[in-house]
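> Generate a structure from the sequence data that follows.
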Amino acid sequence: MNNDTRRSLLELERFLTEAIRSNPILTPDDVKPNLLVRQILDQLSLKRFIWVGNQTFVPHRMVFSVPSMRPAKLEELEVLFNSIVFTKMVYDYIAGSGFRLLEPLAIEIRPTLEGAGVPSHCSVSFEWSSLAEPTEGFSVTVDEQSGRIVDVKGFKPQIPRLARLTALNGEVYRSPFIITKRTTFLGRLRTVLDLKSGEVLRRNDFVYARQDQANTPNKSVSRQHASIVFDNGDFYLFDTGSANGTAVERAGQSIETPASDATGIKLEDGDIIRLGTALVRFELDPPPAELPDLAAAEANAPADDLNPTSGNATVRILRSEILFETSKVLDSE
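The predicted structure follows:
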């Protein structure tokens, strides 16, 4: 381990220690920063595999297993581990170690039942996506014995036409976000829990971080704010019980959609979706025949697109490299 990566781990442990110390709900026993950072080191050392150009890749899914805790604590952990500071530090360590990612980091909080062998504090693992659990991005098959990636496939979208959402203000977990499912949920926090029973109410796809500042757009976004549904070739916006309203800004007009409206608003390319005071641009992706050359598009991508805090990191592999390596990637046949 070189000095830079060692420093990254120490900074990560200090950040977690201070964040927990200043949090009125979490305790050091909930997280145990020194053990968690050691797990990150061990997991990335264990789950590194060779692929394109003999480069070393690690999984992008960072799963935190959390023993039975009050819903309020689970929410605090999601806020902590999805914070820009935490994810940036993890990116810095991955890059400093010479590892690469196929996709931007995806943070998942996974509640676990207490029992024999289950730690009393949260633990972390890095996992590949697989075809057995469909999601966005790529599924990866590895050969544990040879330490190599043997197959990478793109998940087939659920819908024939894709669209993208781009946050114009506020802080979201990932922007731009590609809509690939029939129903896409928009709201605050990834996992929406019933704060009394702990039951999972829904999982948001386009996710606003929780922020405590008084005037931030994030604070105007409800946990279960809105949804976008693909139906019969078009996308429709619905308010799913927001506190501060949902509307579409189009050609200088504002089209409101109340929670009781079962028809929704048919979205058009270039619409601005308003969630409280948060603004999101909706854009239709071109049909597959009109897609631009990926290699050329990425070669000309602005430097800001590689900013780890915007959802794309310099440690992420270029999609053109994946296409060169295997024709199965992004195969929707």
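
> Quick check: which ranges of the stretch 51-200 of the chain have low pLDDT?
Along the stretch 51-200 of the chain, segments meeting pLDDT under 70 span 113-120, 130-137.

> could you pull out the strands for it?
56-57, 61-67, 99-100, 106-112, 123-127, 138-143, 148-154, 163-167, 177-179, 183-188, 191-193, 200-203 (DSSP state E, counting those that start in this stretch).

> for the protein, longest helix please?
The helix that spans the most residues within the chain, counting by DSSP state H, is helix 3-21.

> Go through that one and flag the buried ones.
For helix 3-21, the neighbour count (16 or more other Cβ atoms under 10 Å) marks 5, 8-9, 12-13, 15-17, 19-20 as buried. For the C-beta atoms, the positions are set from N, CA and C on the backbone; glycine is no exception.

> Redo those residues as a markdown table? Include distance to residue 90 and pLDDT.
As requested, these are exported to a markdown table (distance: Cβ to Cβ, whole Å; pLDDT from 0 to 100):
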| residue | distance to residue 90 | pLDDT |
| --- | --- | --- |
| 5 | 12 | 76 |
| 8 | 9 | 84 |
| 9 | 10 | 88 |
| 12 | 7 | 94 |
| 13 | 12 | 94 |
| 15 | 11 | 96 |
| 16 | 11 | 96 |
| 17 | 16 | 96 |
| 19 | 14 | 95 |
| 20 | 17 | 95 |
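
> what's downstream of the longest helix of the chain, the next helix or strand?
Downstream of helix 3-21, the first helix or strand assigned by DSSP states H and E is helix 28-31.

> Send me the longest helix of the chain as PDB with only the CA atoms.
Only the C-alpha atoms of helix 3-21 are listed here, as PDB (Å, rounded to 0.1, in the frame of the first residue of the first chain):
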ATOM      1  CA  ASN A   3       1.400   6.500   1.100                       C
ATOM      2  CA  ASP A   4      -1.500   8.000  -0.900                       C
ATOM      3  CA  THR A   5      -3.800   5.100  -0.500                       C
ATOM      4  CA  ARG A   6      -2.900   4.800   3.200                       C
ATOM      5  CA  ARG A   7      -3.700   8.400   3.600                       C
ATOM      6  CA  SER A   8      -7.100   7.900   1.800                       C
ATOM      7  CA  LEU A   9      -8.000   5.200   4.300                       C
ATOM      8  CA  LEU A  10      -7.000   7.300   7.300                       C
ATOM      9  CA  GLU A  11      -9.000  10.200   6.000                       C
ATOM     10  CA  LEU A  12     -12.000   7.900   5.400                       C
ATOM     11  CA  GLU A  13     -11.800   6.600   9.000                       C
ATOM     12  CA  ARG A  14     -11.500  10.200  10.400                       C
ATOM     13  CA  PHE A  15     -14.500  11.300   8.400                       C
ATOM     14  CA  LEU A  16     -16.700   8.500   9.600                       C
ATOM     15  CA  THR A  17     -15.600   9.000  13.200                       C
ATOM     16  CA  GLU A  18     -16.400  12.700  13.100                       C
ATOM     17  CA  ALA A  19     -19.700  12.200  11.200                       C
ATOM     18  CA  ILE A  20     -20.900   9.700  13.800                       C
ATOM     19  CA  ARG A  21     -19.700  11.900  16.700                       C
END
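
> name the helices or strands packed onto it?
If contacts are counted by 3 or more Cβ pairs under 8 Å, 6 or more residues apart in numbering; DSSP states H and E, helix 3-21 sits against helix 28-31, helix 33-46, helix 71-81, helix 84-96.

> out of the buried residues of helix 3-21, who's nearest residue 280?
Residue 280 has its nearest neighbour among the buried residues of helix 3-21 in residue 19, at 28.3 Å by Cβ to Cβ.

> I figured that closest one hits residue 79, correct?
No. Counting by Cβ atoms under 8 Å, residue 79 is not a contact partner of residue 19; they are 9.5 Å apart.

> Show me which residues of stretch 74-86 are buried.
Of the residues in stretch 74-86, 74-83, 86 count as buried by neighbour count, 16+ other Cβ under 10 Å.

> re the thing from before, distance from the longest helix of the chain to the middle of the chain?
Distance, stretch centre to chain centre, for helix 3-21: 22 Å (Cα atoms, centre = their mean, to the nearest Å).

> Not counting sequence-adjacent ones, nearest residue to residue 163?
Spatially, and ignoring its direct neighbours in sequence, residue 163 is nearest to residue 179 (4.5 Å; Cβ to Cβ, 6 or more residues apart in numbering).

> coming back round to it: which stretch among the strands of the stretch 51-200 of the chain is buried most, on average?
strand 183-188 (a mean of 22; mean count of other Cβ atoms under 10 Å).

> On the strand side of things, show who the most centrally placed residue in the chain bridges to.
When Cα atoms, centre = their mean is applied to the chain, the residue found nearest the centroid is residue 106 (4.3 Å). Beta-bridge pairing for residue 106 (DSSP bridges): residue 61.

> Look up how far residue 150 lies from it.
Note on residue 106: its distance to residue 150, by Cβ to Cβ, to the nearest Å, is 22 Å.

> Please apply the same query to residue 179.
As judged by Cβ to Cβ, residue 179 and residue 150 stand 30 Å apart.

> Over to residue 186?
Per Cβ to Cβ, residue 186 is found 37 Å from residue 150.
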